[in-house]
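K.L.:
Curious how this folds, go ahead:
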Amino acid sequence: MLTTPSSVSRFAQDLPAEEKSSLNAVDGQVGFGFPVNAHSGRSVGCDTHLSAVQGFTVSVAIPNRAPQFTSTPITTTTVGRVYRYTATASDADAGDELRFFLAEGPSWLSVSSVSGIVSGTPTEQGEGAEAVQACVLAVRPRPTTPHR
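P.N.:
Numbering: from 1, shown residues only. Here you go, the predicted structure:
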């Protein structure tokens, strides 16, 4: 379809908002609703300067999303008994390998970065004997080297 620059503008103004552009949430493609067969028969003005109209899509990359914990921690234990909790998490970004780490916690507590197993045995000596101990477990995607 050949049309003029001013008629393109008039055509776009006549389109309903949902036909002007759209964003596909699955693949991030943005579509622009320029004239297609469904719009044939619409009346647009005509000037003497002709131009062509081109429809196209733009791919929009989705940024890396943070992982989310999918497990609930065990929040009680007894002095002298082994504490064990297996943390689990998921990541919406396909291919991200997750790593766990203890951002804050008592010295007797440790975490496996790969399996997410949090374990340790509180003792009667030192900080392990305190009634309440704060722990902060974190998870993040494993750093990767960009491909060139």
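K.L.:
In three-state terms, label residue 108 for me.
P.N.:
Three-state call for residue 108 (DSSP: H, G, I helix; E, B strand; the rest coil): coil.
K.L.:
Would you mind listing the buried residues in stretch 94-114?
P.N.:
96, 98-100, 102, 105-106, 108-109, 111 (16 or more other CB atoms under 10 Å). The C-beta positions use only the backbone N, C-alpha and C, and glycine is treated the same way.
K.L.:
which residues are in contact with that stretch?
P.N.:
Stretch 94-114 is touched from outside by 64, 67, 83, 87, 89, 91, 115-123, 126-128, 130, 133-142, with contacts defined as CB atoms under 8 Å, 6 or more residues apart in numbering.
K.L.:
Now, of these, which are buried?
P.N.:
Among those, those classed as buried by 16+ other CB under 10 Å are 67, 83, 87, 89, 91, 116, 118, 120, 122, 128, 135, 137, 139, 141.
K.L.:
okay, the buried residues of stretch 94-114 in a markdown table with pLDDT and distance to residue 59 next?
P.N.:
Shown next, in a markdown table, are the buried residues of stretch 94-114 (pLDDT from 0 to 100; distance: CB to CB, whole Å):
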| residue | pLDDT | distance to residue 59 |
| --- | --- | --- |
| 96 | 87 | 20 |
| 98 | 92 | 27 |
| 99 | 93 | 29 |
| 100 | 94 | 33 |
| 102 | 93 | 39 |
| 105 | 89 | 43 |
| 106 | 90 | 48 |
| 108 | 91 | 50 |
| 109 | 93 | 45 |
| 111 | 95 | 38 |
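K.L.:
Next step: these restricted to strands.
P.N.:
Among the buried residues of stretch 94-114, the members found in strands (DSSP state E) are 98-100, 102, 111.
K.L.:
What residues are bridge-paired with residue 118?
P.N.:
Beta-bridge pairing for residue 118 (DSSP bridges): residue 85, residue 111.
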